[in-house]
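Peer 1: Return atomic coordinates for the entry below.
(one chain, ligands or ions: 2)
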Amino acid sequence: MAQILDGKAVAKELREKLAIEIGESGLHPTLAVVYDPNDGGSKLYVGMKQRAAAKVGIKTQDIAVPAGSTTEAVQQIVRELNLDPDVTGILIQAPLPAGVDDASIFATVAPEKDVDGLGVTNQGRLFANEEGQYPVAATPKGVMTLLDHYGINPAGKQAVVIGRSQLFGRPMAALLLNADATVTIAHRYTDEATLTTALQQADIVAVGVGIPGFVTVDPIKEGAVVVDVGMNVVNGKAVGDVDPLVAEKAGWLTPVPGGVGPMTIATLLESTFEAAKEQAK
Ligand SMILES: NC(=O)C1=CN([C@@H]2O[C@H](COP(=O)(O)OP(=O)(O)OC[C@H]3O[C@@H](n4cnc5c(N)ncnc54)[C@H](OP(=O)(O)O)[C@@H]3O)[C@@H](O)[C@H]2O)C=CC1
Ligand SMILES: Nc1nc(=O)c2c([nH]1)NC[C@@H]1CN(c3ccc(C(=O)N[C@@H](CCC(=O)O)C(=O)O)cc3)C=[N+]21
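Peer 2: Ligands and ions are numbered 1, 2, ... in the order given. Okay, here's the model as predicted:
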């Protein structure tokens with residue numbers, strides 16, 4: 001039976017540490033959250049992020065993007081936030097309303113305020129494995145923190161990342177590669193046999209596709225570390241992308257809820273504080 005990678009507990013520790021450090025810093029980090037109020041998921045997650053921010057001493061500004069907005073109009077909002085000295089961090093919650101190109105908006109955020117690391121400058125730094133302090137997307141960064149907490153070192157391991165979004169798959173693969181894993185990235189065009197073969201070899205599997213039960217127990221290697229990023233609602237309950245039977249074969253598993261989700265939020269707060277510190281230098 002797999003051991004639990006307890007994201008809820010590790011996230012709580014991280015938030016408690018941050019609350020103390022932010023209090024002692026004398027800084028007043030302020031996070032502007034740009035989101036679609038008509039997207040149920042965004043509304044829920046943005047609310048969770050804002051409550052968690054308030055508890056550690058991070059102020060938030062709520063910027064709802066109305067339906068029918070154009071990419072240009074949202075870019076203008078972001079440019080104003082880039083220039084606003086009171087705002088130290090900007091989070092673009094995906095997905096924005098239909099008709100707005102998320103990637104163009106990510107790219108408009110000033111790199112020093114891009115706390116979720118989704119702009120091309122910060123993604124480029126990550127891809128180049130640049131040394132130093134720059135923001136990295138909260139979900140994959142939180143996964144790395146969680147693995148590290150349990151002493152799981154990706155160096156020399158075979159890793160499979162399923163999904164290739166800017167939010168999860170691409171930065172997850174880059175982080176694992178930078179940590180010296182051998183990485184395979186699977187996506188919609190990966191044929192089933194290829195994915196099965198890759199999974200049979202994988203010491204670490206990280207999946208975020210948005211399909212409940214997508215990763216089944218069969219191809220999983222005995223003792224593998226399985227990270228479930230999926231966040232789906234089935235019969236009113238949060239479920240991931242990993243079939244619960246995987247727990248019988250995996251060595252380690254993140255639960256949903258209580259795994260990657262809480263780590264994402266705590267990591268966003270961590271990155272927001274780090275950006276505020278850099279700007280105060
Ligand atoms: N817990 C957390 O903190 C977070 C959870 N999530 C969750 O993770 C999931 C993914 O999110 P996100 O990356 O933003 O979503 P996207 O929709 O942007 O990306 C989904 C990815 O899955 C791939 N995919 C879709 N269907 C298949 C398939 N049949 N076989 C293989 N790959 C497939 C897509 O491939 P292609 O590129 O070819 O289309 C794409 O790369 C969602 O459930 C989301 O809710 C996301 C962020 C944070
Ligand atoms: N720029 C950007 N960055 C993101 O990080 C981002 C985003 N856009 N768009 C949407 C996804 C989704 N996301 C989640 C965060 C926390 C939970 C979370 O804490 N979930 C709880 C359960 C919540 C429930 O019960 O419904 C848990 O897993 O324990 C879930 C999902 C961040 N995302």
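Peer 1: can you map out the helices along the stretch 151-281 of the chain?
Peer 2: Applying DSSP state H, counting those that start in this stretch to the stretch 151-281 of the chain gives helices spanning 169-178, 192-201, 260-280.
Peer 1: Quick check: buried residues in the last one?
Peer 2: Along helix 260-280, the positions that meet the burial threshold by neighbour count (16 or more other Cβ atoms under 10 Å) are 260-277. Backbone N, C-alpha and C define where each C-beta goes, glycine included.
Peer 1: go on, the second one?
Peer 2: Neighbour-count burial for helix 192-201 flags 195, 198-199 (criterion: 16+ other Cβ under 10 Å).
Peer 1: Would you mind listing what in this structure touches ligand 1?
Peer 2: Neighbours of ligand 1 within the chain, by Cβ under 6 Å from any ligand atom: 139, 162-165, 167-169, 186-190, 208-210, 229-232, 260-261, 264.
Peer 1: which of these come close to ligand 2?
Peer 2: Okay, of the residues of the chain next to ligand 1 touching ligand 2 (Cβ under 6 Å from any ligand atom), that's 139, 167, 231, 261, 264.
Peer 1: domain ranges for the protein?
Peer 2: The record's domain split for the chain, according to automatic domain parsing, is 26-111, 138-261.
Peer 1: Tabulate those domains (CSV), appending distance to Gly124 and mean pLDDT.
Peer 2: Output for the domains of the chain, formatted as CSV (distance: least, Cβ to Cβ, whole Å; pLDDT from 0 to 100):
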stretch, distance to Gly124, mean pLDDT
domain 26-111, 10, 97
domain 138-261, 10, 98
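Peer 1: So which of these is the most surrounded?
Peer 2: Among the domains of the chain, the stretch with the highest mean neighbour count (mean count of other Cβ atoms under 10 Å) is domain 138-261, at a mean of 19.
Peer 1: and it, how far out from the chain's middle?
Peer 2: 13 Å (Cα atoms, centre = their mean, to the nearest Å).
Peer 1: repeat for stretch 49-68
Peer 2: Counting by Cα atoms, centre = their mean, stretch 49-68 is centred 17 Å from the centre of its parent chain.
Peer 1: Which residues are in contact with the residue of the chain found nearest ligand 2?
Peer 2: Ligand 2 sits closest to Gly261 of the chain, with a gap of 2.3 Å, by Cβ to the nearest ligand atom. Applying Cβ atoms under 8 Å, 6 or more residues apart in numbering to Gly261 gives the contacts 7, 231, 238.
Peer 1: what about it, distance to Lys43?
Peer 2: 15 Å (Cβ to Cβ, to the nearest Å).
Peer 1: Residue numbers of the stretch 101-250 of the chain in contact with ligand 2?
Peer 2: Within the stretch 101-250 of the chain, the residues that sit near ligand 2 (Cβ under 6 Å from any ligand atom) are 116, 118, 138-139, 167, 231, 238.
Peer 1: What are the boundaries of the strands in the protein?
Peer 2: 3-4, 30-35, 59-64, 89-92, 158-162, 182-186, 204-207, 225-228, 232-234, 237-239, 252-253 (DSSP state E).
Peer 1: To Thr145, which of these lies closest?
Peer 2: Thr145 lies closest, by Cβ to Cβ, to one member of these: strand 225-228, at 11.8 Å.
Peer 1: can you list contacts of that closest one?
Peer 2: Residues contacting strand 225-228 (Cβ under 8 Å, 6+ apart): 2, 5, 143, 146-147, 152, 203-207, 215, 220, 240-242, 246, 250-256, 259-260.
Peer 1: picking that back up, can you check which of the domains of the chain gets nearest to Asn122?
Peer 2: Of all those, domain 26-111 sits nearest to Asn122, with 5.8 Å by Cβ to Cβ.
Peer 1: Can you give me the end-to-end span of that closest one?
Peer 2: Terminal residues of domain 26-111 lie 23 Å apart, using Cα to Cα, to the nearest Å.
Peer 1: Give me the distance from it to the chain's centre.
Peer 2: The chain centre lies 15 Å from the centre of domain 26-111; the measure is Cα atoms, centre = their mean.
Peer 1: Name the nearest residue to the spatially most central residue of the chain, sequence neighbours excluded.
Peer 2: Centroid-nearest residue in the chain, with Cα atoms, centre = their mean: Thr139, separated by 1.5 Å. Counting by Cβ to Cβ, 6 or more residues apart in numbering, Thr139 lies nearest to Thr264, which is 4.7 Å off, once chain neighbours are set aside.
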